[in-house]
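Enquirer: any chance you could fold what I've pasted below:
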Amino acid sequence: MLYPFFVQAAVSPGRQCTFRRAVVIHLCLLGGGAWAITQQPPAEAAPLLGHLLLVAGIVEGAALLGWRLTQLPRSSALEFLFASPLRPANVFLAEALVGLARLGLVTLAGLPVLALLSAVGYLEPLDLVPLLVMPFTWGALAGLGLTVWAYEPAGVRRTGERVALGLVVAYLVVGVLAGEHLRGWIALLPDGAGRALLSAFAALHRYNPFAVLADWLAGGSGLYWERALGLEVAAAAVAGLLLARAALRMQGHYHDRHYRPAVGRSGAARPRVGDRPLAWWAVKRVTEYSGRINFWLAGGFGVLYALYTLAGPHWPPWLGRQVFVTCDRAGGIPALAAALVVLAAVPAAFQYGLWDSSAQDRCRRLELLLLTRLGPRDYWDAAAAAAWRRGRGYFGVAALLWLAAVLAGKVAVLPALAALAAGVLLWAMYFALGFRAFTRGQQANGLGMALTLGLPLAAFACFQAGWPRLAALAPPGGVYGAAAGLAAPDWLPGALLAGGVALAVARHALARCDGELRRWYEQHHGRKVVT
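Expert: Next up, the predicted model:
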């Protein structure tokens, strides 16, 4: 049964292209990380590379595994497989195994670079085991977790969001506000509850993948292999449970999407469509999975950091400050605000999924849209409204941090305004590039990864190497450099370049939008598209 699924993935032009791009991006990130650690002290080099690979593995798992599995039930063609002798759970398991195999091959593509780092002395030979296994495991966990979250009924997702909000609040209170004074806070609780809470927090602090990998790479495999093995076994068990749950929910999720009408039970008045129906539809589409949990976490920490910055020496001594001190050493508000601006621009760069999940769905949608009087500006407004709806919260927290830095006297008014302007230009450039990819029918996963991961990492590496002018040429580096106090001749060229690219690409995309959409439809309508 598995053979046809693997053959389909191997011969599909679209999936081949996505796989090749993922391998190239993975090697570029690994190469940049390998170069960056050569500029660091030996004690810090290996953990830095481990964190980079772990983040890359999580993102790759979400893209290669989670995206495919979450989009699969959107296609009505899946009904033919459900009507075949194949059981729905087996169909899901086969697709999941294909995704896991592709993720494993992308992870193994970095083995020659890691072996070279081991040969020159930056890594121990045994360090290659966690650097390959842990990114794969947690990437698979991320992809399957996203799939299960998408497959669950709306009521379950709402309950899950409430639980996640409680966990975020607990983390912000325990891990940030209490911080190093946690023992003093726990002393106020009953003895049993205090010990249980302290043990749970200590276990969370020690047994997360980033801490385990950093300890292994910094202290040696002989001291931490048991902890790493236990964590990997637990992660594999959770991944197995997620795999089983998603396999059982696949057919139900398909029925929810195609046969069971959505019923509003709240009794609240539905928002008006207005005179821009395409923009209304695009905003409604992206709010189905709005990503509020990530925003609560980033926004909550940003608000606390802004309060800490405003309080300065008046910050209460019974509140923790070590987390904020670490952030100050890592770049402070300029670095955190720049990261939030990049997060705000992620929906602007990845626009293909906003409109369509596959080439077949795109053909069916364009078959209707191209018969209307909708013009390029309508598509532009719809994409902008949806992207801004998803990213505006992160941009608002970044603006709050810049305001707090100005009021606290850590950043002057003009540099803060310059960083704000650079952030707007970054968002505009990412959106223009993403919109052009949409009009040309390109999924642009490689472009989005390069914009949201590649450019920030390149800017970071250049700053670490002592090349601030080169780093500021990348839009994320320009946002950071403007608020960090770089002179205008250093950061201004990057901001002007971003603005120029945004203006040129926007004019080109709007001028050719209708023609390229129609050309893509003519080339693909009626053609057998293998995805």
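Enquirer: for the residue most central in space within the chain, list the residues it contacts.
Expert: Nearest to the geometric centre of the chain sits V59, at 6.2 Å (CA atoms, centre = their mean). Each residue near V59 by CB atoms under 8 Å, 6 or more residues apart in numbering is listed here: 139, 142, 449, 453. C-beta coordinates here come from the backbone N, C-alpha and C atoms, glycine included.
Enquirer: run the last query once more with 7 Å
Expert: Contact analysis of V59 by CB atoms under 7 Å, 6 or more residues apart in numbering lists L453.
Enquirer: tell me which element it falls in.
Expert: Here V59 sits within helix 42-60, counting by DSSP states H and E.
Enquirer: what's the distance between that helix and the middle of its chain?
Expert: 16 Å (CA atoms, centre = their mean, to the nearest Å).
Enquirer: give me the helices and strands touching the helix or strand that it is followed by, please.
Expert: Under the assignment DSSP H and E, the closest C-terminal helix or strand after helix 42-60 is helix 67-71. For helix 67-71, the packing partners by 3 or more CB pairs under 7 Å, 6 or more residues apart in numbering; DSSP states H and E come out as helix 88-108, helix 128-151.
Enquirer: which one of the ones you listed is the most hemmed in?
Expert: The highest mean neighbour count among those, using mean count of other CB atoms under 10 Å, belongs to helix 128-151: a mean of 23.
Enquirer: please save the CA atoms from that one in CSV.
Expert: Output of helix 128-151 as CSV, limited to C-alpha atoms (Å, rounded to 0.1, in the frame of the first residue of the first chain):
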residue,chain,number,x,y,z
LEU,A,128,26.2,14.4,15.5
VAL,A,129,23.6,12.1,17.0
PRO,A,130,21.5,14.7,18.8
LEU,A,131,22.1,17.3,16.1
LEU,A,132,20.5,15.0,13.6
VAL,A,133,17.9,13.1,15.7
MET,A,134,16.5,15.9,17.8
PRO,A,135,15.6,18.3,15.0
PHE,A,136,13.9,15.4,13.1
THR,A,137,12.0,14.3,16.2
TRP,A,138,10.8,17.7,17.2
GLY,A,139,10.1,18.7,13.6
ALA,A,140,7.8,15.6,13.3
LEU,A,141,6.2,16.5,16.6
ALA,A,142,5.5,20.1,15.3
GLY,A,143,4.1,18.9,12.0
LEU,A,144,1.8,16.3,13.6
GLY,A,145,0.8,18.7,16.3
LEU,A,146,-0.4,21.3,13.8
THR,A,147,-2.2,18.5,11.9
VAL,A,148,-4.1,17.3,15.0
TRP,A,149,-5.0,20.9,15.9
ALA,A,150,-6.4,21.5,12.4
TYR,A,151,-8.4,18.2,12.4
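Enquirer: list the contacts for the nearest residue to R518 once chain neighbours are set aside?
Expert: Nearest non-adjacent residue to R518, counting by CB to CB, 6 or more residues apart in numbering: L370, 6.1 Å away. Listed by CB under 7 Å, 6+ apart, the contact partners of L370 are 517-518, 521.
Enquirer: now with 10 Å?
Expert: Each residue near L370 by CB atoms under 10 Å, 6 or more residues apart in numbering is listed here: 514, 517-518, 521-522.
Enquirer: which stretches of the stretch 251-400 of the chain form strands?
Expert: Counting by DSSP state E, counting those that start in this stretch, the stretch 251-400 of the chain has no strands to list.
Enquirer: the helices in it, which residues?
Expert: 277-286, 292-311, 322-329, 332-349, 352-355, 359-369, 376-407 (DSSP state H, counting those that start in this stretch).
Enquirer: mean neighbour count and mean pLDDT added to the ones you listed, as a markdown table?
Expert: Shown next, in a markdown table, are the helices of the stretch 251-400 of the chain (neighbours: other CB atoms under 10 Å; pLDDT from 0 to 100):
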| stretch | mean neighbour count | mean pLDDT |
| --- | --- | --- |
| helix 277-286 | 17 | 85 |
| helix 292-311 | 18 | 88 |
| helix 322-329 | 14 | 87 |
| helix 332-349 | 25 | 91 |
| helix 352-355 | 19 | 67 |
| helix 359-369 | 15 | 81 |
| helix 376-407 | 20 | 92 |
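Enquirer: domains in the protein, by residue range?
Expert: Using automatic domain parsing, the domains assigned to the chain come out as 1-153+182-260, 282-521.
Enquirer: can I get the ones you listed in TSV with distance to R270?
Expert: As requested, those are exported to TSV (distance: least, CB to CB, whole Å):
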stretch	distance to R270
domain 1-153+182-260	19
domain 282-521	10
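Enquirer: which of those domains has the lowest average pLDDT?
Expert: For the domains of the chain, mean pLDDT drops lowest on domain 1-153+182-260, to a mean of 84.
Enquirer: report the buried residues of stretch 248-260.
Expert: 249-251, 253-254, 256 (16 or more other CB atoms under 10 Å).
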